[in-house]
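>>> Just need the structure, nothing else, for what follows:
(chains A, B and C)
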Amino acid sequence: MNTFLQLVVNGLGKGAVFALLALGFVVIFKATEVVNFAHGSLVLFGGYLVVVTRDALGWAGASWVGILSAGLLGLLLERFLLSRPRHADANALALLTIGVDVIVTEEIVRRLGDSLPFIGEAWDAKPFQLGGITLFRTHLVALGVAAVLITAFWLAFKFSNWGIAMRAQAENREAAALMGIRSSRVTATAWLVAGLLAGVAVLFIATQDFSGAGLSRGTHSIALAAFPAAILGGLDSTAGAVVGGLVVGLVDALSAQYISFDFSKSAVFLVMLVVLVIRPSGLFGTRERTRV
Amino acid sequence: MSEGVASKQVVEAPPEAPAAPRGRRSPAKLLRALGWTALLVVLLALPLYLDAAWLKAGQYMMIGAVGAIGLTLLVGQAGQLSLAHAFFLLAGGTAYSVLSGPTDDTRVIGLGIDPALSLIGAVVITALLGLAFAPVSGRLRGIYLGVASLALVFLGLYFGQSAEKLTGGTSTGRAPTPFSLFGFPFSNEGPHIEILGVPIQQAERTWYLFLLLTVLAFVIARGAVKGRIGRSWRAVRDNEAAAAVMGVSVIRAKAGAFAVSSAYAGLAGAMTVLWFDILKPDESEYGTYGINVSIAFLAMIIIGGLGSVSGALVGALIVNGLPQVLSLYSTDLGWFTGTGGGALTPILVSSFVYGAAIILVVLFEPGGLAAIGRRISRRNGRIPEEQGT
Amino acid sequence: MKRTILALAATVLALSACSTKAGDSGSSGADSSGVKTGKGVTATEITLGVMTDKSGVFKNLGLGVTQGNELWAKDFNAAGGVCGRQVKLEEVDHGYKADTAKTLYPQLEPKVLGFVQMLGSPITAALKGNILSDKVVTTPASWSSELLDNPYIMIVGTTYDLEIIDGLSYLQSQGAIKDGDTIGHVYIDGEYGKNGLRGSQFYAKKHNLTVKEIKITSTDSDLTNVVTGLKGSGVKAIALTTTPTQTGSVVAADKALGLNVPVLGNNPTFDPQLLKSPAAGALDKLTVVASSVPFSADLPKAKDVATKYKAAYKEAPTAGTPYGYAVGEVWGQVLKKACDNKDLTRDGLAAALKQTTSANTDNLVATLDFSRQGTPATRQVYAATPDASAEGGVRYVKPLFEAPEAKEYVAPHQQG
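Numbering: from 1, shown residues only, chains lettered A, B, ... in the order given. From the prediction side, this is the model:
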């Protein structure tokens, strides 16, 4: 029983971080219908900026630099690459993000070289016990931060101008434009926000507690797991992103123990596949209907 | 886009257009044929001049070509985004190894079938696997399909690790039976053949084999694109609802596209294990059958131009050829010899090149190199034939 | 299109004008003192190949081993080389990718007599057939006894299975485990991991232990859930045949979850970088077994290599360097024997290898016997523990030893 509880705790903790990643994904998709294959690069970029500024600014300062840089990268990608093509087909733009991902990831991995920097000092490797269960501080902080951010987003989507503008644009782009919503502003902000979220997430990912490894190519692979999380929940549903993230974390932890460790990586994608086949738009996504 | 312009020209019967009666080849077609023939002659002659190392690099490009052709049919012609190509590569390689493997090996299963038949069998099996994915491909659309197909790669990873009796496991893998056709082995054994004094051994023989397979793949694909099946794919790609109205069975078209594309990938997979002389499934998502390979194939067809068969060839040349060629040159010329972290290696440089190429293509010429090629031929006064793109 | 045709036609003509590659590239013959030579050997030089990883996941190890090879070559040549010839190393980087290695191999192979380093089990597996058909003696930077069915493979050291057997025996002698206990073994699915597992399975049978086997892949990095499960199974020790990052994750979880059992690792499981990672505080539980000596060992030869290393290279030292040097030493002895046999061809080298019954490396590695194919050249290991104050990051706690169980163990391709 203890084992089961510990696994659930492990899973939820990681799930919170997956939720953050998935949320960033979903924000971009809602605003632009583009699936961002370069999300892993945003994560790596934020982490890399933490690594290079850490000596000069200390961990706390470097973390803020990392978060803001990741946001900035997102913004720049949107402004200079994604808004450029006149025939901005969302699928073509998704392919473009693949190209971006390859370049940014390879360059950062090259710069990291042999080093494997851990960037979650404030909370890493400081676990404490609570009635026979170990709670990893990284997971707890991640849960807290995720809760705050997700609530903030939910409020923003419901009540702020930006949130409403984004929902309007997601529903009907032309109508929104006709009503004076600046599509470019909505899109740019979405990418900025996704970058910021990625920058926050990396502070939890590149830790001993979460991934056992520092910032490296493995961090990018982990970000890939945000895909099934976002898809599960439905690419245009922010609530779905949260649920998806938690589900992914739990499936990962429980299948590792109760089925087998090597199955656990495929397990997440298998669950995603099953959900997709039953509900093609994900658990909470809006269903597309084609009438002939 | 350029297609609209081209079809307009055809419709308006341009001045130079052959008013000639059917059956008489237009000069354009003749010159085209000459061009391809000349290329073929060059390719046939190359093994007489190039070393084994370069031949191997060329063979690797041909593997890419076969796979890329299949993927461009699926993504470009039928409009189905798939990231599962690497999975079908693994399936093809495994099928070939199992079908042709020795029956008396205690570690892995083999059925002892003739290699040529095994190759055909592998292609058929992979096609069936592609067909099996049809229920999923039928229900999903666009990017959702792409991400669902990603799941196949991970499942393939797990399959490679766990089905050890078939794949040999990630530990040791298994050696595929060397290919032979009607008893003629494509290795260093068998009859000693010489052309113009050059001994035709494993590298040369494999070159010819791969060349034959690539040409077959190319010709069949071109036929499909120009024919009815290509038209039904394009109809589904452009507007599913309209296609259904026109009487195209959307489900069948999609399933067929997956089957064909998987068959190509299966062939490329069998070629891959013959090239490596080993089938060794991956330990991680970055390997011979991982996501990076699916992305590489996607890069090939984007660079070449989605839907263009000849574009797929060029894309494969660039994406698969560049790292090989750079590695060979770097050993010869001493480039890229930096050690330790931060070194610019041929693999890294190639990744930058094709990443940048994808971005440039999407930004500036979404039709890829194929569109650029068409523009150049049009500028030369050559009327483009009705390309099924 | 016209221009393209012309270009192609020109190429065809040019090709027909150029000469084909017909014509022999043979190189054999005997030299003036009657020594037969073949590929890779000229009158003044013997070229040995190094296929290493300078840019991929094992670049640290690759760099260290290569540097050890280079230090040896320098010393060997300074002492006069062999048969009046100097040794030259021809290095290529495959980036730990089997397909790159496969393309580089045919370019490198004709130039070399043998491979003093071939790093990576995927690479070695992919080239296994080539090694056999080209008859090149190869030292893979892999200690899997599965490779020993190939007579041209020269493994310098104890194989992974025996490392584990020796290590478990050591733990038992320390009282950490006793007969009937449950232990865990986390292993990478690969030549490396499976071979280590073989050792623990053998030892378990002898001592009635239950082994909880956990198979992972080389890129998994978070093993907290795995250790959680092992804790639930009540293991008294954990054996690891993993990468250094994974070792870090296991020891950290071992401590964090309150399990606190000893952890035993094969030689590649440790890297000095772990001492700077958040897992550093948990490394005291780790015992590493290896057949080649730690960088900081206070043996005269090891100190000599260490000094030379520090003078020549600036990177942080690892255990790869004394190993790379030891490999070179063994090659030197095999080459000398081949020279005595007056046969510096590939066949001659293979024969000389088989005749080497006691290669001596001044205890950088135990004495090695290559005469029985399929049998590991030695079964002895050092036991070491991480120590931040030692150069290279480990210091040994038990000098070369061989467990009684190791003597009885039959390696997979052992004959007789």
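>>> All the helices of chain A, in order from the start?
Using DSSP state H, the helices of chain A run over A:2-32, A:39-76, A:90-112, A:137-159, A:161-171, A:173-178, A:183-205, A:217-224, A:226-233, A:238-258, A:261-278.
>>> buried stuff in the longest one?
Buried residues in helix A:39-76, counting neighbours by 16 or more other Cβ atoms under 10 Å in any protein chain shown, are found at A:39-51, A:53-54, A:62-63, A:65-75. Bear in mind the C-beta positions are built from the backbone N, C-alpha and C, glycine included.
>>> quick revisit: any idea which of the helices of chain A is most buried?
helix A:226-233 (a mean of 30; mean count of other Cβ atoms under 10 Å in any protein chain shown).
>>> name the helices or strands packed onto that helix?
Applying 3 or more Cβ pairs under 8 Å, 6 or more residues apart in numbering or on different chains; DSSP states H and E, one finds that helix A:226-233 makes contact with helix A:2-32, helix A:238-258, helix A:261-278, helix B:142-162.
>>> what about the chain, any weak spots by pLDDT?
Assuming you mean chain A. Per-residue confidence of chain A (counting by pLDDT under 70) places the weak regions at A:86-88, A:114, A:287-292.
>>> Switch to chain C, please.
Confidence mapping of chain C against pLDDT under 70 gives the ranges C:1-29, C:32, C:56-57, C:99, C:416.
>>> Over to the stretch 101-250 of chain B?
Using pLDDT under 70, the flagged stretches of the stretch 101-250 of chain B are B:171-172.
>>> Which residues of it lie near chain A?
B:135-136, B:139-144, B:146-148, B:150-151, B:154-155, B:157-158, B:161-162, B:240-241, B:244-245 (Cβ under 8 Å from any Cβ of the partner chain).
>>> same thing but 6 Å
By the criterion of Cβ under 6 Å from any Cβ of the partner chain, the positions of the stretch 101-250 of chain B lying close to chain A are B:136, B:139-140, B:143, B:147-148, B:151, B:154-155, B:158, B:161, B:241, B:244.
>>> Show me the residue at the heart of chain A, geometrically.
residue A:21 (1.2 Å; Cα atoms, centre = their mean).
>>> re earlier: between the helices of chain A, which gets nearest to residue B:234?
helix A:90-112 (15.8 Å; Cβ to Cβ).
>>> got the CA positions of the closest one in CSV?
Written as CSV, here are the backbone C-alpha positions of helix A:90-112 (Å, rounded to 0.1, in the frame of the first residue of the first chain):
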residue,chain,number,x,y,z
ALA,A,90,-1.5,26.0,-39.6
ASN,A,91,-0.1,22.6,-40.6
ALA,A,92,2.7,24.2,-42.6
LEU,A,93,3.5,26.3,-39.6
ALA,A,94,3.6,23.2,-37.4
LEU,A,95,6.2,21.8,-39.8
LEU,A,96,8.1,25.0,-39.6
THR,A,97,8.3,24.5,-35.8
ILE,A,98,9.9,21.2,-36.4
GLY,A,99,12.7,22.9,-38.3
VAL,A,100,13.1,25.4,-35.5
ASP,A,101,13.2,22.6,-32.9
VAL,A,102,16.0,20.8,-34.7
ILE,A,103,18.2,23.8,-34.9
VAL,A,104,17.6,25.2,-31.4
THR,A,105,17.9,21.8,-29.7
GLU,A,106,21.1,20.8,-31.5
GLU,A,107,22.7,24.1,-30.9
ILE,A,108,21.9,24.1,-27.2
VAL,A,109,23.0,20.5,-26.8
ARG,A,110,26.2,21.4,-28.5
ARG,A,111,26.9,24.3,-26.2
LEU,A,112,26.1,22.3,-23.1
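>>> Counting neighbours, what do you get for the residue of chain A found nearest chain B?
Going by Cβ to the nearest Cβ, chain B is nearest to residue A:113 of chain A, at 1.9 Å. Residue A:113: 14 surrounding residues under other Cβ atoms under 10 Å in any protein chain shown.
>>> Could you export the helices and strands packed on helix A:226-233 as a markdown table, including distance to residue C:337?
Listed next are the helices and strands packed on helix A:226-233 as a markdown table, based on distance: least, Cβ to Cβ, whole Å:
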| stretch | distance to residue C:337 |
| --- | --- |
| helix A:2-32 | 56 |
| helix A:238-258 | 51 |
| helix A:261-278 | 45 |
| helix B:142-162 | 42 |
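>>> Export these as JSON lines, with columns for distance to chain C.
Shown next, in JSON lines, are those (distance: least, Cβ to the nearest Cβ, whole Å):
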{"stretch": "helix A:2-32", "distance to chain C": "3"}
{"stretch": "helix A:238-258", "distance to chain C": "4"}
{"stretch": "helix A:261-278", "distance to chain C": "6"}
{"stretch": "helix B:142-162", "distance to chain C": "6"}
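>>> To what extent is the residue of the stretch 251-400 of chain C found nearest chain B buried, counted in neighbours?
The nearest approach of the stretch 251-400 of chain C to chain B comes at residue C:315, 6.7 Å away (Cβ to the nearest Cβ). Neighbours of residue C:315 under the rule other Cβ under 10 Å: 15.
>>> Name the residue of the stretch 151-300 of chain B with the shortest distance to chain C.
Nearest residue of the stretch 151-300 of chain B to chain C (Cβ to the nearest Cβ) works out as residue B:197 at 3.2 Å.
>>> okay, now that residue: neighbour count?
When counting by other Cβ under 10 Å, one arrives at 11 neighbours for residue B:197.
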